[in-house]
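**Q** Just to be clear, the model below is a prediction. Sequence and coordinates:
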Amino acid sequence: MYADFKEAKANEAKSWLKNEVYDLWDTRKEKPWNYITGRWVLTVKRDKEGNITNAKARWVLRGFQDKQGWDMQTDSPTSGRPSFRLACQYSAIEQWSFDHIDLKTAFLQGAPYTDKEGRSVVGQLPKECGMPSHIGARLKKSAYGLKDAPRRWWNRLDDSMRRWGLVPA
C-alpha cells in the first residue's frame with residue numbers, strides 16, 4: 001500500500017506541473033506576505049465488496065492561513081441533494097439518459113489569477129516535488145484548500161460554455 005501512495009503522490013505533483021499552477025519562489029530572497037502551508041490528504045478507494053482498488057493522494061493547502069481569504073467572492077453554483085434528486089426524477093419521467101462526471105484535478109484547472117486582482121499566494125511544496133524546503137510555489141491559479149478554488153473553477157467552466165454558445169437558463 002505504501003508504494004501505491006508513493007505513486008499517487010508523484011502523480012499529484014505532476015498534475016500541479018501539468019496544469020501550470022505555480023512558479024517557483026525562493027523564500028530566502030523575498031519573504032512571502034501570504035505563505036500557506038499544505039498537507040497530504042490520502043484516501044483509499046474501495047470497490048463495492050470493500051476491496052482496496054487504489055490509493056489517492058491530494059496536496060491540499062491550509063486555506064485558513066490565507067490572509068486574503070476574506071476579501072474575495074467564494075460562492076459557486078452547485079446542486080444540492082434535493083435539486084439533484086429532482087433532476088434525476090425528471091430525467092426518468094422524460095426517459096432521458098442522465099449521467100454525471102467527476103473531473104480529475106478540477107480546482108487546478110480554474111481561472112488564472114490576474115494582476116489587477118492583487119492576489120498573492122505562496123504555498124508550501126511537498127517534499128515529493130524534489131525541491132528544497134525554502135522553495136515555495138507562487139500560485140498562478142487557485143489550488144485545493146483555498147476558499148476561491150470552487151468559484152475560480154466555475155468561472156472557467158462558465159466562460160468555456162459561453163464561448164461554445166451555451167447560455168444559462
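**A** Happy to help now that I have it.

**Q** quick one: contacts for the residue nearest the centre of the chain?
**A** Ranked by distance to the mean C-alpha position of the chain (C-alpha atoms, centre = their mean), the top residue is F107 at 2.7 Å. Contacts here follow C-beta atoms under 8 Å, 6 or more residues apart in numbering; on that basis F107 touches S142, A143, Y144, A149, P150, R152, W153. In short, each C-beta sits where N, CA and C put it, glycine included.

**Q** And what about it, helix, strand or coil?
**A** helix (DSSP: H, G, I helix; E, B strand; the rest coil).

**Q** Name all residues that make contact with the spatially closest residue to it that is not a sequence neighbour.
**A** Nearest residue to F107 in three dimensions, chain neighbours excluded: A149, at 4.1 Å (C-beta to C-beta, 6 or more residues apart in numbering). Contacts for A149 were tallied using C-beta under 8 Å, 6+ apart; they are F107, G110, S142, A143.

**Q** Could you work out the most separated pair of the residues you listed?
**A** By the measure C-beta to C-beta, G110 and A143 form the most distant pair in the contacts of A149, at 8.6 Å.

**Q** So between those two, which is more surrounded?
**A** Applying other C-beta atoms under 10 Å to G110 and A143 shows that A143 carries more neighbours, namely 28 against 24.

**Q** does the more buried one count as helix, strand or coil?
**A** A143 ends up coil, using three-state DSSP.

**Q** Not counting its neighbours along the chain, what's nearest it?
**A** Nearest non-adjacent residue to A143 (C-beta to C-beta, 6+ apart): L61, at 5.4 Å.
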